[in-house]
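Visitor: Prediction below, plus the sequence it came from.
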Amino acid sequence: MSDAPATVEWEEGGVRQVARWRSEAAVPPPHRLQPADDTLSADAAYRLACEGTALVWRGDFQNARQLLQALARRVERPRRGKAETPAKARPIEFSTQAATPAQAFHLHRQAQGRRARILGMLLVPLDAGYGIPLRRAPALRQAVEEAWGPPGDAGNLVSLRELLGLVGAHEWRKKGVEISVLGPPPQNRIQPHYGVFSPVRGEYLELIAKLPLPSMALAFEIGTGTGVIAALLARRGVQQVVATDQDPRALACAQENIVRLGLVDAVQVVCADMFAPGRAPLVVCNPPWLPARASSPVERAIYDEDSCMLRGFLGGLVEHLSLGGEGWLVLSDIAEHLGLRTRAELLGWIEAAGLVVRGRVDIRPRHPKAHDASDPLAAARSRELTSVWRLVAAVG
C-alpha cells in the first residue's frame with residue numbers, strides 16, 4: 001500500500017488544478033469538484049453537496065463560514081417539502097419511541113454520518129505554508145501545524161468543517177480544561193491536543209479521587225490519552241505511575257501535561273499496546289464506552305468496535321496485578337441502555353478473565369446532553385451511570 005499523500009484534481013478556468021488532499025477524519029478524496037464563490041446560493045450549494053459534488057471555495061472566507069452554517073440548517077431542517085426534496089437531501093428520520101434503543105442509536109449514527117458527508121463538501125485551499133488564499137481569511141498556521149506538523153512543499157485542500165475543527169482544538173489546547181480534583185488553579189489544567197479526547201466529562205475523576213488506594217508505591221494507567229488520570233494518581237501521592245498509550249498524539253499530549261504540571265518525577269509516559277511490562281498493585285483503564293465502529297480516527301476514544309479494548313484490558317489484567325492488587329475499570333453503562341452490550345456480557349467477561357468484583361462506585365453524569373429531552377438518545381442518557389469497577393484476581 002502506497003504511503004504517498006492523496007491528491008485531488010479539478011479544472012478551473014480551463015486550467016488543471018492539483019492539491020494534496022487532507023482529512024483527519026480519513027474521508028476519501030471527492031471524485032467531483034468544482035470552483036464556487038459568493039455568487040453560489042445556499043440552496044444550490046446544498047443540492048450539489050447532496051449529489052456528491054465538492055465545492056472548492058474561491059470567495060470570501062467569512063462568507064464560506066456563513067454558507068457552512070446555512071448548509072447545516074438545511075441538513076437538519078430542509079426548507080422544501082419531501083416531494084420537492086431530492087432523496088439524498090432528505091434527513092434521516094427516526095422515532096426513539098417506535099425504534100428499539102439500539103436501532104435509535106444506529107439511525108442516529110447514520111444521520112450524523114450523512115450530516116458530516118454533506119458539510120464536508122465545502123472545501124478551502126491552503127498554500128504550502130498553511131496560508132489561506134481567500135479574502136478575509138484568518139492566519140491559522142499555528143492551529144494547522146499543531147495537527148498536521150510542519151508545512152510541506154505543496155498546496156492543500158481541506159474541508160472547511162475539518163479546518164474549523166483544528167481551530168477549535170487549538171483553542172482548547174491553549175485554554176486548557178480545568179480539573180478541580182487536581183487541585184487549585186493554575187496547576188489544575190489539562191491541555192488536550194488535537195485528536196486526543198478532552199476530559200470534559202470529568203465525573204469519573206471524582207470517583208478516582210475518593211476511592212481508597214491499594215498502594216502508594218506504583219500504578220499503571222492504560223490508554224492515558226491526555227494523562228489526566230495519571231496526573232490525578234500522582235497528585236494523590238502514588239510514587240510512580242506508568243501511563244501507556246500507543247497513539248503518538250496521546251503520548252505527546254500526556255507528556256506535555258505531565259511536564260507542565262510538574263509531575264515528571266512521579267509519572268512515566270510509555271508507548272505500549274495496553275499494558276506496561278511487569279505487575280502493579282493498581283491498574284486503571286478508562287476504555288471507550290460504546291461498542292461501535294469509529295467512523296474516523298478521532299472517534300476512537302469514544303467507539304470501540306466489539307469492545308476490543310475493554311475485553312483486552314480484562315483479559316490481561318490478572319497477569320499485571322500484584323498479589324492483592326486492584327484493577328479499576330472506568331465505564332459508563334450507556335451501552336447497556338442503548339442495547340449495545342448487556343450487563344451479563346460484561347460480568348461474563350470479568351469472570352472469564354479470572355476476576356471478581358470487589359466493589360463499584362457510581363455517579364450520574366452532569367453534561368448537558370444528560371438532561372436534554374430533545375436529544376435522540378435522551379431515554380438512554382437519562383438512566384446513565386458512570387462507574388469505577390474495583391476488580392481483583394479470583395482466589396483459587
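Guide: Right, received. Where do you want to start? Residues are numbered from 1 along each chain as shown.
Visitor: which residue is nearest the middle of this protein?
Guide: By Cα atoms, centre = their mean, the chain has its centre lying nearest to Glu299, at 4.0 Å.
Visitor: check contacts around Val267.
Guide: Applying Cβ atoms under 8 Å, 6 or more residues apart in numbering, one finds that Val267 lies in contact with 227, 230-231, 234, 241-243, 258. For glycine as for every other residue, the C-beta is placed from the backbone atoms N, C-alpha and C.
Visitor: Over to it: give its phi and psi.
Guide: phi -120, psi 130 (degrees, to the nearest 10).
Visitor: what do you get for Cys285?
Guide: phi -140, psi 130.
Visitor: cool, Ser307 as well?
Guide: According to degrees, to the nearest 10, Ser307 has phi 50, psi 40.
Visitor: Next, work out how far apart it and Arg366 are.
Guide: Per Cβ to Cβ, to the nearest Å, Ser307 is found 25 Å from Arg366.
Visitor: likewise Ala243?
Guide: Computed as Cβ to Cβ, the Ala243 to Arg366 distance reads 26 Å.
Visitor: Strands of the stretch 51-200 of the chain, residue ranges please.
Guide: For the stretch 51-200 of the chain, the strands defined by DSSP state E, counting those that start in this stretch occupy 53-57, 122-126, 156-159, 177-178, 189-190.
Visitor: Mind pulling up the pLDDT for the residue nearest to the centre of the chain?
Guide: The per-residue pLDDT reported for Glu299 equals 82.
Visitor: ditto for Gly202
Guide: In this model, Gly202 is scored at 82, pLDDT.
Visitor: burial measure for it, as a count.
Guide: 23 (other Cβ atoms under 10 Å).
Visitor: Does Leu166 touch Val144 like I think?
Guide: Yes: using Cβ atoms under 8 Å, Leu166 is in contact with Val144, at 5.6 Å.
Visitor: ok, residues contacting the helix or strand of the chain with the lowest mean pLDDT?
Guide: Every helix and strand in the chain was compared by mean pLDDT, DSSP states H and E; the lowest is helix 378-381, with a mean of 84. Outside of helix 378-381, the residues within contact range by Cβ under 8 Å, 6+ apart are 96, 101, 105, 334, 337-338, 365, 369-370, 372, 375.
Visitor: one more time with 6 Å, if that's ok
Guide: By Cβ atoms under 6 Å, 6 or more residues apart in numbering, the surrounding residues in contact with helix 378-381 are 101, 337-338, 369-370.
Visitor: For that helix, buried residues please.
Guide: Under the neighbour-count criterion of 16 or more other Cβ atoms under 10 Å, helix 378-381 has 380-381 buried.
Visitor: Which strands border whichever helix or strand comes after that helix, and is each parallel or antiparallel?
Guide: Stepping forward along the backbone from helix 378-381, the first helix or strand reached (DSSP states H and E) is strand 386-393. If you go by DSSP bridges, strand 386-393 pairs up with strand 321-332 (antiparallel), strand 355-363 (antiparallel).
Visitor: next helix or strand past the first one?
Guide: Just to be clear, that refers to strand 321-332. helix 334-337.
Visitor: how close does the residue nearest to Arg65 when sequence neighbours are not counted get to Ser382?
Guide: The shortest distance from Arg65 to any non-neighbouring residue, by Cβ to Cβ, 6 or more residues apart in numbering, is to Leu160 (7.1 Å). According to Cβ to Cβ, Leu160 and Ser382 sit 35 Å apart.
Visitor: Which one of those two is surrounded by more residues?
Guide: When neighbours are counted by other Cβ under 10 Å, Leu160 and Ser382 differ, and Leu160 comes out ahead with 22 against 14.
Visitor: List the contacts of that one.
Guide: So, once contact is read as Cβ under 6 Å, 6+ apart, Leu160 ends up touching 64, 68, 122, 124.
Visitor: same thing but at 10 Å, please
Guide: 55, 57, 61, 64-65, 67-68, 71, 119-124, 132 (Cβ atoms under 10 Å, 6 or more residues apart in numbering).
Visitor: Buried subset of the residues you listed, written for ChimeraX?
Guide: This is how ChimeraX selects the buried members of these, with burial counted by 16+ other Cβ under 10 Å:
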select :55,57,61,64,67,68,71,119,120,121,122,123,124,132
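Visitor: ranges for the helices of the stretch 101-250 of the chain?
Guide: Taking DSSP state H, counting those that start in this stretch as the test, the helices found in the stretch 101-250 of the chain are 101-119, 141-148, 160-175, 203-210, 228-235, 248-260.
Visitor: any idea which of these is most buried?
Guide: helix 228-235 (a mean of 26; mean count of other Cβ atoms under 10 Å).
Visitor: export that one as PDB, just CAs?
Guide: Backbone C-alpha positions of helix 228-235 (Å, rounded to 0.1, in the frame of the first residue of the first chain) are rendered in PDB as follows:
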ATOM      1  CA  VAL A 228      -5.300  13.200  33.400                       C
ATOM      2  CA  ILE A 229      -5.800  10.000  35.400                       C
ATOM      3  CA  ALA A 230      -2.100   9.500  35.700                       C
ATOM      4  CA  ALA A 231      -1.700  13.100  37.000                       C
ATOM      5  CA  LEU A 232      -4.600  12.600  39.500                       C
ATOM      6  CA  LEU A 233      -3.000   9.400  40.900                       C
ATOM      7  CA  ALA A 234       0.300  11.200  41.200                       C
ATOM      8  CA  ARG A 235      -1.400  14.200  43.000                       C
END
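Visitor: what angle do it and strand 321-332 make?
Guide: 130 degrees (axes from the mean of the first three to the mean of the last three Cα atoms, to 10 degrees).
Visitor: Report the mean per-residue pLDDT for helix 228-235.
Guide: On average, helix 228-235 scores 98.
Visitor: and that helix, what does it pack onto?
Guide: Other helices and strands packing on helix 228-235, by 3 or more Cβ pairs under 10 Å, 6 or more residues apart in numbering; DSSP states H and E, are strand 189-190, helix 203-210, strand 218-222, strand 240-245, helix 248-260, strand 267-271, strand 280-285, strand 321-332.
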